[in-house]
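Novice: give me a 3D structure for the following:
(one chain, ligands or ions: 1)
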Amino acid sequence: MAEQVTITRLGAKADGIAETASGPLFVPFALPGETVTIEREGARAHLVSVDVPSPERAVPFCPYFGECGGCATQHMRHDFYRAWKQGTLAHTLHQARLDVPLEPMIDAHGEGRRRLTLHVRFPDREMHVGYMAARSHHVVDIDHCPIAVPALQRQAPLVARAIGRQLGAGRKPLDVQVTAVETGLDVDVRGHGPLNAKDRQRMIALAADLDLARLSIHGEVLVERRPPALTIARSSVVLPAGSFLQATRLGEESLASIVLDACKSGKRVADLFSGCGPFALRLAERIAVHAVETDKAAVAALERAARATPNLRAVTTEVRDLFRRPLLTPELNTFDAVVMDPPRAGAEAQAQQLVASKVPLVVSVSCDAGTFARDTAILQSGGFKLERVYPVDQFSFSPHVEIVGILRRDVVKKLSRNT
Ligand SMILES: C[S@@+](CC[C@H](N)C(=O)[O-])C[C@H]1O[C@@H](n2cnc3c(N)ncnc32)[C@H](O)[C@@H]1O
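Specialist: Coordinates of the predicted model:
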């Protein structure tokens, strides 16, 4: 049954929230101050119409917005969106008792996302190619994605569709990850078992038809027509199939420039959770770096790139699971700064080792405010002071934000207090 409600605030995931007799009601795509007609679906509601719009309302630039679950905020004006995202992060950090003023959010969308993962599904014998609808396993068909870099906007759905036609006979769900690299498109297909000889040949022919740089299945390369390379500082990194990559080029550059600035007076830095080296290869222009990462292929790519770049400072690498085997205190004591950029789960075990070490500076890069706050609290218990927090917005139009925290401590004082 339709009813009218007034939106009073925005939630952390960008839903409008109306206070009702039965408690808060979450209304996607509604803005504070708006009067909207909705239909209830439990604690959530479907937006039927906006009856009194907010002046902060914008016209979404993507025709799939509202149905496709990929974006959540295209209906907000840019300044309003920025203030909401910055305010949400400030609130999360305040609740975790991290009351450091946030630096202004850095807009790092740049040219757009350089990697898209398209879902290919066959729910009704027909093939559907696109993104999941919000809170659903239903795939919304798309033929372009305007938040991607130009090379991917139309081409990524086209490539995923062609692969679905080729491999879709078993109607198994497929995920097609398409990355724009400097030599073309790098495509990795997930969800399909090992290919028989005939399918292999067909896929190799398809890669040629689509002029892909590389095509792989579950990270196993079927054909590499051109090495999928990316430039990092003066180095060229050949990206391993399926390895981590920051969402946008400007995002990577923005994070790296904060890391570089924080470490500028260091002599030997540890780059933990290094991936294939966007921080290490830039740091090594001036500082010796030890890069540690669990993904063997990423470490090998970083090492190859470093070896091929003349006049870098020393770059050493290590394949290591830092959750199970964090760098221990004696190892840490050889560094004057530690950069860590863990996945969402954070770096709890590593933070505990850092507390016991003599390291004076930690640059903590994170894609999850919750684990960032937990790890920061651990570091603070060891005398580190959170000096600055930089929000970097490379996931524009979504509630996600990247954070960089700079934590310093006076090691001499700390050590003399302990003795
Ligand atoms: C957020 S990414 C950052 C990578 C890199 N710093 C960058 O900017 O591209 C996190 C990295 O941690 C790695 N990783 C995940 N779990 C790990 C673990 N237990 N030990 C070490 N590295 C891990 C992933 O392979 C990934 O490369």
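
Novice: get me the contact residues on the stretch 151-300 of the chain for the ligand.
Specialist: Proximity of the stretch 151-300 of the chain to the ligand (Cβ under 6 Å from any ligand atom) is limited to residues 244, 246, 273-275, 278-279, 293-295, 298. C-beta: built from backbone N, CA, C; applies to glycine.

Novice: touching, Ile7 and Pro28? I think so.
Specialist: No: at 10.9 Å, Ile7 and Pro28 do not qualify as touching, with contact defined as Cβ atoms under 8 Å.

Novice: coming back round to it: which two among the residues of the stretch 151-300 of the chain next to the ligand are spaced furthest apart?
Specialist: Gln246 and Thr294 (17.4 Å; Cβ to Cβ).

Novice: okay, those two: which has more neighbours?
Specialist: Gln246 (23 against 17; other Cβ atoms under 10 Å).

Novice: list the contacts for the more buried one?
Specialist: 252, 255, 278, 394 (Cβ atoms under 8 Å, 6 or more residues apart in numbering).

Novice: distance of it relative to Asp186?
Specialist: 15 Å (Cβ to Cβ, to the nearest Å).

Novice: re the thing from before, common neighbours of Ile7 and Pro28, please.
Specialist: Each of Gly16 lies in contact with both Ile7 and Pro28 under the rule Cβ under 8 Å, 6+ apart.

Novice: the helices in the chain, which residues?
Specialist: For the chain, the helices defined by DSSP state H cover 78-95, 150-153, 155-167, 197-209, 249-262, 280-283, 296-307, 329-332, 348-356, 369-381, 411-418.

Novice: in the stretch 1-150 of the chain, what residue is nearest the ligand?
Specialist: Arg115 (11.5 Å; Cβ to the nearest ligand atom).

Novice: what residues are up against the closest residue to Pro391 other than its chain neighbours?
Specialist: Distances taken as Cβ to Cβ, 6 or more residues apart in numbering place Met105 nearest to Pro391, at 4.2 Å, with adjacent residues excluded. By Cβ under 8 Å, 6+ apart, the contact set of Met105 is 82, 85-86, 89, 391-393, 401.

Novice: look up how far Ala156 lies from Ile142.
Specialist: 9 Å.

Novice: and which of the contacts of Gln246 is nearest the ligand?
Specialist: Pro278 (4.5 Å).

Novice: was I right to think Ile17 contacts Pro24?
Specialist: Yes: the pair Ile17 / Pro24 is scored as a contact, 5.1 Å apart, by Cβ under 8 Å.

Novice: when those two are compared, which one has more neighbours?
Specialist: Ile17 (17 against 14).

Novice: which among the contacts of Gln246 end up buried?
Specialist: Buried subset of these (neighbour count, 16 or more other Cβ atoms under 10 Å): 252, 255, 278, 394.

Novice: the residues you listed into JSON lines, with extra columns for distance to Val289 and pLDDT?
Specialist: Output for the buried ones among the contacts of Gln246, formatted as JSON lines (distance: Cβ to Cβ, whole Å; pLDDT from 0 to 100):
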{"residue": "Glu252", "distance to Val289": "16", "pLDDT": "98"}
{"residue": "Leu255", "distance to Val289": "16", "pLDDT": "98"}
{"residue": "Pro278", "distance to Val289": "12", "pLDDT": "98"}
{"residue": "Gln394", "distance to Val289": "23", "pLDDT": "97"}
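
Novice: burial measure for Ala247, as a count.
Specialist: 22.

Novice: wait, it touches Arg115, no?
Specialist: Yes: look at Ala247 against Arg115 with Cβ under 8 Å: they come within range, at 6.8 Å.

Novice: what's near enough to touch the closest residue in space to Val401 that isn't next to it in sequence?
Specialist: Counting by Cβ to Cβ, 6+ apart, Val401 lies nearest to Pro391, which is 5.1 Å off, once chain neighbours are set aside. Shown in contact with Pro391 (Cβ under 8 Å, 6+ apart): 85-86, 89, 102-103, 105-106, 401-403.

Novice: buried among these? Need that as a selection in ChimeraX.
Specialist: A single ChimeraX command is used to select the members of the contacts of Pro391 judged buried by 16+ other Cβ under 10 Å:
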select :85,86,89,102,105,106,401,402,403
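
Novice: can you find the helix or strand of the chain with the lowest average pLDDT?
Specialist: Every helix and strand of the chain was ranked by mean pLDDT, DSSP states H and E. The lowest is helix 411-418, at a mean of 50.

Novice: how about the nearest residue to Phe395, chain neighbours excluded?
Specialist: Ala247 (5.9 Å).

Novice: pick out the residue of this structure closest to the ligand.
Specialist: Gly275 (2.9 Å).

Novice: what is the burial count for the residue nearest to that residue when sequence neighbours are not counted?
Specialist: Nearest residue to Gly275, sequence neighbours excluded (Cβ to Cβ, 6+ apart): Phe244, at 4.7 Å. The tally of other residues near Phe244 (other Cβ under 10 Å) stands at 17.

Novice: against Val392, how distant is Phe244?
Specialist: Distance from Phe244 to Val392, by Cβ to Cβ: 16 Å.

Novice: got the contact list for Ala301?
Specialist: 237-240, 243, 276-277.
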